[in-house]
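Chemist: Coordinates only, no sequence provided:
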């Protein structure tokens, strides 16, 4: 089997498992009740918090990620504590915190997100990072305290672009930022089509699982002019960030490098350039 077929199959496996999880998790939940609760919680929330923060080009904007496991790298930090890590991220100067909430492949949970939100007391935005396929997941993220959600274009087939667009609109209606993740030129066009304001370019090739910063360098040329671009995956050092800032990136989502660091705050400060 080719690398492309293998990785596509793996992505499909993740999505298939996610659909099963959604079906089980929300079986006894009334959609209207969930929706009403989410809108009530977000009623007075500040909108576009991440977008606003990323517009500040006077500093290096890092979205620091909390995750224990990666399917490609295995266990990163099995004993990681979300409360302690969140404090380090705030103290180290992160502009936002990303929390992996997918359980089966990434070892995360919505409870991790809740702990982070409660710990930082709304000092910076919190991103719910998951494979979101259903509006109920967005309601759940909002209720848990997230101010940003992730929508992965690759999780939707070409004929499902309307579904992606509807989820993006729902996030906007709730006052949530939506980070739209892309891997290819075609996906970048889809992001533009749905009106994405914040676009994340994942440097991990879904065909080969190889990571290269050239993905970010190449894809930014096809980005909508009014969108803010974030580079994701494979960012190891300050030099990587400077390289990507030169071509126009305003934010950097970094997980593994920080989660493996002996001193998280110091590592974050080094990446920011303090």
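Modeler: Structure's in. What do you need? Everything numeric here is computed off the predicted structure, so don't read it as measured data. Residues are numbered from 1 along each chain as shown.

Chemist: contacts and neighbour counts: CA atoms only from here.
Modeler: Fine.

Chemist: isn't residue 75 right next to residue 69, touching?
Modeler: Yes - counting by C-alpha atoms under 8 Å, residue 75 touches residue 69, with 4.5 Å between them.

Chemist: Quick check: which helices or strands does the host helix or strand of residue 142 pack against?
Modeler: Residue 142 is located in helix 135-144, with elements delineated by DSSP states H and E. For helix 135-144, the elements it packs on are helix 31-41, helix 110-120, helix 161-173, judged by 3 or more C-alpha pairs under 8 Å, 6 or more residues apart in numbering; DSSP states H and E.

Chemist: circling back to that earlier point, have a look at residue 75 and residue 69 and say which one is more surrounded.
Modeler: Ranked by neighbour count (other C-alpha atoms under 10 Å), residue 75 and residue 69 place residue 69 first, with 21 against 14.

Chemist: So for residue 195, which of the helices and strands packed on helix 135-144 sits nearest?
Modeler: helix 161-173 (8.3 Å; C-alpha to C-alpha).

Chemist: contacting residues around the helix or strand just after that closest one?
Modeler: Counting by DSSP H and E, the next helix or strand C-terminal to helix 161-173 is strand 177-182. Outside strand 177-182, the residues within contact range by C-alpha atoms under 8 Å, 6 or more residues apart in numbering are 47-51, 147-154, 168, 171-172, 188, 191, 196-202.

Chemist: one more time with 6 Å
Modeler: Contacts with strand 177-182, where a contact means C-alpha atoms under 6 Å, 6 or more residues apart in numbering, come from 48, 148, 149, 150, 151, 152, 153, 188, 198, 199, 200, 201.

Chemist: again, but for stretch 30-43
Modeler: 139, 142, 143.

Chemist: the strands in the chain, which residues?
Modeler: 62-66, 69-70, 74-75, 96-100, 126-129, 148-152, 177-182, 198-202, 228-232, 251-254 (DSSP state E).
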